[in-house]
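Novice: After the sequence you'll find the predicted model.
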Amino acid sequence: DAEITQSPRHKITETGRQVTLACHQTWNHNNMFWYRQDLGHGLRLIHYSYGVQDTNKGEVSDGYSVSRSNTEDLPLTLESAASSQTSVYFCASSHHRDGPGFFGPGTRLTVL
Amino acid sequence: AQTVTQSQPEMSVQEAETVTLSCTYDTSESDYYLFWYKQPPSRQMILVIRQEAYKQQNATENRFSVNFQKAAKSFSLKISDSQLGDAAMYFCAYRAGSSNTGKLIFGQGTTLQVKP
């Protein structure tokens, strides 16, 4: 069965370190998204991609970057982790104009 | 810019009763989609129901139905015959149809408690 996975599921890191969160989907969807979830804010869009080599900034993109070298993967990198980036991160994918998006299980990141 | 507002941070319902969760949104688009997602303690985001703006008929999925009022920009979720497994956080979400990109804008969420 097609799915979307994230790794790691939990991560603790220190301020200033570079961190990469992985997202892998086997739906063969063109569109992939990264959201963060914080209390009182719901889910907010960080970055998104419409296809290979395409990346775009969302509403809370500062301090994050993504790259899309193939259809299946959209890794999210925190260049220099900050305590404000402690959050739960969700990856999602969707087909062109088809469906709302399938979400991964989430990654809980703690920056100390 | 589009916004989604859920004004009820918490709601509770007695098992087997009916509860309605509120959602309002703001957009200048005419083509868009609205969704309700359920997030149980496992954190998995589960699609509950979707509504296309061009459809006048309210969407229904088993015990879940929506009251879509396009002119009022309101999109409430009704859960009938509430079950203990319905306890979760519920998010309302908007997606512009014209962009074809699947980018979602979420409300802040409503935590639903189901009392036995």
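Specialist: Sure thing, it's come through.

Novice: can you list the residues of chain A near chain B?
Specialist: A:31, A:33, A:35, A:40-45, A:48, A:50, A:58, A:88, A:90, A:92, A:94-97, A:99-101, A:103, A:105-106 (CB under 8 Å from any CB of the partner chain). Bear in mind the C-beta positions are built from the backbone N, C-alpha and C, glycine included.

Novice: secondary structure element for A:R44?
Specialist: A:R44 is part of strand A:42-49, with elements assigned from DSSP states H and E.

Novice: So which elements touch that strand?
Specialist: The contact analysis (3 or more CB pairs under 8 Å, 6 or more residues apart in numbering or on different chains; DSSP states H and E) places strand A:42-49 against strand A:31-38, strand A:56-57, strand A:64-66, strand B:88-96, strand B:105-106.

Novice: any residue of the last one up close to chain A?
Specialist: Yes: among the residues of strand B:105-106, B:105-106 lie within reach of chain A under CB under 8 Å from any CB.

Novice: The helix or strand following that strand packs against which elements?
Specialist: Where DSSP H and E defines the elements, the next helix or strand beyond strand B:105-106 is strand B:110-115. With contacts taken as 3+ CB pairs under 8 Å, 6+ apart, strand B:110-115 sits against strand B:10-14, strand B:19-21, strand B:88-96.

Novice: mind checking which of the helices and strands packed on strand A:42-49 is nearest A:D73?
Specialist: Evaluated over these, closeness to A:D73 peaks at strand A:31-38, with 8.4 Å, by CB to CB.

Novice: List the strands paired with the closest one, with their directions.
Specialist: Partner strands and pairing direction for strand A:31-38 (DSSP bridges) are strand A:42-49 (antiparallel), strand A:87-95 (antiparallel).

Novice: Can you give the contact residues for the first one?
Specialist: So that's strand A:42-49. Residues from elsewhere that reach strand A:42-49 (CB atoms under 8 Å, 6 or more residues apart in numbering or on different chains): A:31-38, A:55-61, A:64-66, A:68, A:74, A:76, A:89-90, B:4, B:6, B:45, B:91, B:93, B:101, B:103-109.

Novice: Buried ones in stretch A:39-55, by neighbour count?
Specialist: A:42-50, A:55 (16 or more other CB atoms under 10 Å in any protein chain shown).

Novice: JSON lines for the helices and strands packed on strand A:42-49, including mean neighbour count, distance to B:D31 and mean pLDDT?
Specialist: Listed next are the helices and strands packed on strand A:42-49 as JSON lines, based on neighbours: other CB atoms under 10 Å in any protein chain shown; distance: least, CB to CB, whole Å; pLDDT from 0 to 100:
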{"stretch": "strand A:31-38", "mean neighbour count": "24", "distance to B:D31": "17", "mean pLDDT": "93"}
{"stretch": "strand A:56-57", "mean neighbour count": "14", "distance to B:D31": "20", "mean pLDDT": "92"}
{"stretch": "strand A:64-66", "mean neighbour count": "20", "distance to B:D31": "27", "mean pLDDT": "97"}
{"stretch": "strand B:88-96", "mean neighbour count": "23", "distance to B:D31": "7", "mean pLDDT": "93"}
{"stretch": "strand B:105-106", "mean neighbour count": "22", "distance to B:D31": "15", "mean pLDDT": "90"}
